[in-house]
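A.B. asks: What follows is a predicted protein model with its sequence.
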Amino acid sequence: MLILEGREVAVEVELNPKRPEAVEAVLNHHAERFDAILYYCAPQTIRLLRRLAEKGHWPKLAVRELPQPRYLREKYRRERQSL
């Protein structure tokens, strides 16, 4: 949790995929207690969080890609180009 401009913000870092029901339980918990929810996600998990955000049940939710070291960004870029 952090306080940003007087608002309490729950910060989650999701590295490994979890069942949608488990993530929804965390979102519901945070939505009741915090002014906003910020999820940083690894590439494997960001699709799930974005789908959940699109449902609109958690208007306080913001989803961001977890910053990657430069060498990993380059590796993922090359892999995507080769597809």
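C.D. replies: Ah, there it is. Numbering: from 1, shown residues only.

A.B. asks: Would you mind finding the longest strand in this structure?
C.D. replies: Selection of the longest strand in the chain by residue count, based on DSSP state E, yields strand 7-14.

A.B. asks: what helices or strands is the very next helix or strand once past that one leaning on?
C.D. replies: Later in the chain than strand 7-14, the nearest helix or strand by DSSP states H and E is helix 20-33. On a contact count with 3 or more CB pairs under 8 Å, 6 or more residues apart in numbering; DSSP states H and E, helix 20-33 meets strand 7-14, strand 36-41, helix 43-54. Where C-beta positions appear, they are placed from N, C-alpha and C, glycine not excepted.

A.B. asks: can you rerun that using 10 Å?
C.D. replies: strand 7-14, strand 36-41, helix 43-54, strand 61-65 (3 or more CB pairs under 10 Å, 6 or more residues apart in numbering; DSSP states H and E).

A.B. asks: for those, which one sits closest to Val26?
C.D. replies: strand 7-14 (6.8 Å; CB to CB).

A.B. asks: pLDDT weak spots in the protein?
C.D. replies: 69, 71-73, 83 (pLDDT under 70).

A.B. asks: ok, the residue nearest to the spatial centre of the chain - contacts?
C.D. replies: Of all residues in the chain, the one closest to the mean position by CA atoms, centre = their mean is Tyr39, 3.0 Å from it. Counting by CB atoms under 10 Å, 6 or more residues apart in numbering, Tyr39 touches 10-14, 23, 26-27, 30, 45-46, 48-50, 52-53, 58, 61-64, 66.

A.B. asks: picking up where we left off before, buried by neighbour count: which residues of the longest strand of the chain qualify?
C.D. replies: By 16 or more other CB atoms under 10 Å, the buried positions in strand 7-14 come out as Val9, Ala10, Glu12, Glu14.
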